[in-house]
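Asker: What follows is a predicted protein model with its sequence.
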Amino acid sequence: ARVEIAMRPNGQAQALSWQPLTPARDLLRQSLPLAVTVLVVLIAGGIFAVRMSRRAVHSLVEAEKQMRHAATHDFLTGLANRSLVASEFARLSQQGHLTVACLDLDGFKAINDSHGHAAGDALLKAVAARLRAACQERDVVFRLGGDEFAVLMPAISLAEAEMRCRQLCVLLSEPYIVDDGVMIIGASFGLSSVTGAETSCDEAFRCADEALYRAKGEGRGKVMTSLCEIEPVLRFG
């Protein structure tokens, strides 16, 4: 800025000049480093918050999966439990012929009583591992509780299922090494045949249980097929 304030004797004007104040520009210049710092912090905080949110969501999803798995699978053996029996039966029975195999271990109570529950649990885990390894990929293996198991065998005839269960009898009766000791048990099987999707799950398992009781009565390592007739489920509407 410049303004004339006087005239010299020689007629030359005298002027006063100064630099005008720029408070806004000065303030911006002074606050710019702070603003940049705050912006960087906000961006870094936003990125961190997004990553933490993703991790939290992933953790929640994984926790939900684990809870769902724990609710539908046996905690000791990792096999499916009773809560999945009805849904898996309905799914497989709609695909055609299905065999329900119920099995019970022979001599397990004596081992559990003599060696303790920890050894009994280890033996059950070994039995479950053999069952899972010997069954086909499409089969579904369950632990119903205690030393009771079940296998749903789809797409095979009752005769084929009976032959496979006899092979499982031989496999499960082989010695187990548990806690540096040798344990020997057996298994008895009861089978029922399902030929259509209209068959009741409860009825099919009842017939398999009836055959299992007859097998247990016959002695160790027996396989029996059901003699009862499965009544179809009547649907209306």
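Answerer: Yes, it's here.

Asker: Next secondary structure after the least confident helix or strand in the chain by mean pLDDT?
Answerer: Ranking every helix and strand in the chain by mean pLDDT, DSSP states H and E puts strand 2-7 at the bottom, with a mean of 69. Helices and strands here follow DSSP states H and E; after strand 2-7, the next one along the chain is strand 13-17.

Asker: and that following strand, what's its mean pLDDT?
Answerer: What strand 13-17 shows for mean pLDDT is 73.

Asker: Now do Gly186: how many residues are near it, please.
Answerer: Counted with other Cβ atoms under 10 Å, residues neighbouring Gly186 total 17. Quick note: C-beta positions are derived from backbone N, CA and C, even for glycine.

Asker: how near is the closest residue to it other than its chain neighbours to Ala126?
Answerer: Residue nearest to Gly186 in three dimensions, not counting chain neighbours: Asp106, with 3.6 Å by Cβ to Cβ, 6 or more residues apart in numbering. To Ala126, Asp106 is 15 Å away according to Cβ to Cβ, to the nearest Å.

Asker: same deal with Leu103?
Answerer: 15 Å.

Asker: higher neighbour count, the two?
Answerer: More crowded of Leu103 and Ala126, by other Cβ under 10 Å: Leu103, with 27 against 17.

Asker: in which helix or strand would I find the more buried one?
Answerer: Assigned by DSSP H and E, Leu103 falls in strand 98-106.

Asker: partners of that strand in the sheet?
Answerer: strand 148-154 (antiparallel), strand 186-194 (antiparallel) (DSSP bridges).

Asker: buried sites along the helix or strand that comes right after it?
Answerer: On the C-terminal side of strand 98-106, the closest following helix or strand by DSSP H and E is helix 108-115. Neighbour-count burial for helix 108-115, counted by 16 or more other Cβ atoms under 10 Å, picks out 108, 111-112, 115.

Asker: now those residues in a markdown table, with distance to Gly45?
Answerer: Putting those into a markdown table (distance: Cβ to Cβ, whole Å) gives the following:
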| residue | distance to Gly45 |
| --- | --- |
| Phe108 | 59 |
| Ile111 | 60 |
| Asn112 | 58 |
| His115 | 59 |
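
Asker: What is the nearest of these to Asp121?
Answerer: Checking the buried residues of helix 108-115 against Asp121 by Cβ to Cβ gives Asn112 as the nearest, at 8.9 Å.

Asker: and that closest one, what is it in contact with?
Answerer: 119-120 (Cβ atoms under 8 Å, 6 or more residues apart in numbering).

Asker: Before I go, just wanted to say thanks for your time.
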